[in-house]
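**Q** Provided below are the primary sequence and the corresponding predicted coordinates.
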Amino acid sequence: MAANYSPEIPAGYEDPAQERRYRKERLAAALRLFALFGFDEGVAGHISARDPEYPNLFWVNPFLIPFSQVKVSDLSLVDEHGNVLKGRYPISRPAFVIHACIHRHRPDVVGAAHAHSIYGKALSATDQFIEPLTQDAAVFYQDQASFDNYSGVLEDLDEGNRLAAALGDKKAIILRNHGHLTVGKSVDSAAYWYITMERSAQTQLAAKAGGRTREISPEYAKLTYDQTGMDEAGWMQFQPLYEHIVRLQPDLLD
């Protein structure tokens, strides 16, 4: 990507109903992609989208429905107290706690993504962060946090608030002994950041198993971040994935 390239996210729909449909389609597609990439594990994992008309509400995948089967019509609308306002299914307590706290602490965030994928979990079990070993990993350069001292399944709002505080203004956070979580100004970017963080963790662990690693210098890690780490780039990177999964599994739009 050229240094002077500046992708722009479409402005979005003025009609809240159209914008809501757009976000829900991206949310369902992201869940299907997570299943396609093997990020699902039992009932663990959730992706959310802030409602465009009622910003204190968010849409999230329902409990007990596999990522591989979620459709737009299955998504649940949840308020800041955990009440399901629309949808046929309940949601998990951790999904409510994590996403309610993040959306409350970060009004700029539209989407948030978390799952129990293998390499994110593996990295979280060490003291490592994503290091600038590759161009792709540089999107997280100085833009990640950690939530340490694992204390069980995240079901307590105080714990959720501490997680959100630890995230701060970053786009990614490593949940020690748990996995990782990403956020974005769109569902598209949040989902893409999660996918590329998982792959960067895989690359880093493989590289270190192979021998001594060589980081990109701070100067060029920062340059690469400035070129590719903005939210607009995350949105853009998600578009071919979205087109692929919709063509492969068009029923997700039902």
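**A** Received the coordinates, thanks. This one's a predicted model, so the numbers in the text were calculated from it and none came from an experiment. Numbering: from 1, shown residues only.
**Q** the helix or strand Ala113 falls within packs against which elements?
**A** For Ala113, the enclosing helix or strand under DSSP states H and E is strand 111-115. When contacts are defined as 3 or more Cβ pairs under 8 Å, 6 or more residues apart in numbering; DSSP states H and E, strand 111-115 packs onto helix 16-36, strand 46-50, helix 93-105, strand 179-184, helix 187-210. Heads up, the C-betas are built off the backbone N, CA and C, glycines and all.
**Q** let's see 7 Å
**A** strand 46-50, helix 93-105, strand 179-184, helix 187-210 (3 or more Cβ pairs under 7 Å, 6 or more residues apart in numbering; DSSP states H and E).
**Q** turn these into JSON lines, including mean pLDDT.
**A** Conversion of the helices and strands packed on strand 111-115 to JSON lines gives the following (pLDDT from 0 to 100):
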{"stretch": "strand 46-50", "mean pLDDT": "98"}
{"stretch": "helix 93-105", "mean pLDDT": "97"}
{"stretch": "strand 179-184", "mean pLDDT": "98"}
{"stretch": "helix 187-210", "mean pLDDT": "98"}
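**Q** now these in a markdown table, please, with extra columns for distance to Gln239 and mean neighbour count.
**A** Output for the helices and strands packed on strand 111-115, formatted as a markdown table (distance: least, Cβ to Cβ, whole Å; neighbours: other Cβ atoms under 10 Å):
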| stretch | distance to Gln239 | mean neighbour count |
| --- | --- | --- |
| strand 46-50 | 17 | 27 |
| helix 93-105 | 24 | 22 |
| strand 179-184 | 14 | 28 |
| helix 187-210 | 7 | 22 |
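**Q** isn't Arg93 right up against Glu155?
**A** Yes: applying Cβ atoms under 7 Å as the test, Arg93 and Glu155 come out as touching, 4.7 Å apart.
**Q** picking up where we left off before, what's the closest of the helices and strands packed on strand 111-115 to Phe140?
**A** Across the helices and strands packed on strand 111-115, Phe140 has its closest neighbour in helix 187-210 (6.6 Å, Cβ to Cβ).
**Q** who's in contact with the closest one?
**A** Here helix 187-210 makes contact (Cβ atoms under 7 Å, 6 or more residues apart in numbering) with 23, 26-27, 30, 33, 37, 39, 47, 49, 110-113, 117, 119-120, 122-123, 130-131, 133-134, 136-137, 139-140, 171-172, 180, 182-184, 213, 231, 234-235, 237-238.
**Q** for the nearest residue to Gly168 once chain neighbours are set aside, which residues are in contact?
**A** Excluding the flanking residues, the one nearest Gly168 by Cβ to Cβ, 6 or more residues apart in numbering is Ala145, at 5.9 Å. With contact taken as Cβ under 7 Å, 6+ apart, Ala145 is in contact with 166-168, 170, 173.
**Q** ok, so of those residues, who is nearest Asp79?
**A** Relative to Asp79, and with distances defined as Cβ to Cβ, the nearest of those is Leu167, at 21.3 Å.
**Q** what's the burial count for that closest one?
**A** Neighbour count of Leu167, defined by other Cβ atoms under 10 Å: 25.
**Q** can you report how many residues lie near the nearest residue to it once chain neighbours are set aside?
**A** Ranked by Cβ to Cβ, 6+ apart and with sequence neighbours excluded, the top spatial neighbour of Leu167 is Ile173, at 4.6 Å. Residues near Ile173, counting by other Cβ under 10 Å, number 24.
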